[in-house]
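Asker: 3D model of this:
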Amino acid sequence: AVSVAVTIGEAQKTFRDSIAVAATKIRVGNGLDAGVQMGPVISKESKRRIESLINAGVGEGAKPILDGRGTRILKYEAGNFLTPTILDGLPSTSQLAHTEIFGPVLSLIHANSVDEAMEFLGRSPYGNQASLFTTSGSAARKFRYEAPAGNIGINIGVAAPMAYFPFSGWKQSFFGILHGQGRDAVEFFTESKIVIERWSRQETRKF
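Answerer: Model (predicted):
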């Protein structure tokens, strides 16, 4: 579900190369076939939308390290398949940088410092979750308290590993007044009652 990865400093090349190698190993096909790790997107409309976003990113200057557009899977040629796509060097002002793609597309943006990366996060209209992978305790502490997202992961990709953890999106990643997991999920199904009583000296409290 991650749409954007922001690399800081020397991590730019090592992360780009490593994630590209990992992505090429993902087997795409019918999810009911043995060994398949990733199935199709949900509809033809979704596939067209995702491919149009990839086109937009390339048009804005991103370089497709892996390109999943036009994917055809043997025996499932009519399926809505996309293989993993990695767009390197996406401008931080790109529409993809602020879009929840909901497809197998990862955009790479480079920052020179943690502060610069945090400024990018702050400009996003979404705030479901953000993760930092680091060996720096000070960077982790800064990210933990200042990253503008409801779920924060430090060296973990999905910051809601158990069902009872709240899925606490912020900004446009949240709708309503309660979150869908954790204590809020219980509150959603709870009818609360408020009772106000006043007893004067002339009245009795005997039942």
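
Asker: okay but Ile65 is in contact with Leu90, surely?
Answerer: No. Look at Ile65 against Leu90 with Cβ atoms under 8 Å: they stay out of range, at 11.2 Å. No exception for glycine: its C-beta is placed from N, CA and C like everyone else's.

Asker: who has more neighbours out of those two?
Answerer: Each of Ile65 and Leu90 has its neighbours counted (other Cβ atoms under 10 Å); Leu90 has more, 24 against 19.

Asker: helix/strand/coil for that one?
Answerer: Of the three states, Leu90 takes coil according to DSSP: H, G, I helix; E, B strand; the rest coil.

Asker: oh, and call the first residue 27 from now on, that's how I've got it
Answerer: Will do, 27 is the new start, and the previous item becomes Leu116.

Asker: rounded mean pLDDT for the lengthiest strand in the chain, please.
Answerer: As assigned by DSSP state E, the longest strand anywhere in the chain is strand 131-137. Throughout strand 131-137, pLDDT has a mean value of 95.

Asker: now do the strands in the chain.
Answerer: 30-34, 89-92, 111-114, 131-137, 152-153, 155-158, 177-180, 196-197.

Asker: tell me the contacts of Leu158?
Answerer: 165-166, 169, 173, 178-181 (Cβ atoms under 8 Å, 6 or more residues apart in numbering).

Asker: in TSV, list those residues along with distance to Phe146 and pLDDT.
Answerer: What follows is the contacts of Leu158, written out as TSV (distance: Cβ to Cβ, whole Å; pLDDT from 0 to 100):
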residue	distance to Phe146	pLDDT
Ala165	15	92
Ala166	18	93
Phe169	13	93
Ala173	11	93
Ile178	16	91
Gly179	17	92
Ile180	18	94
Asn181	20	94
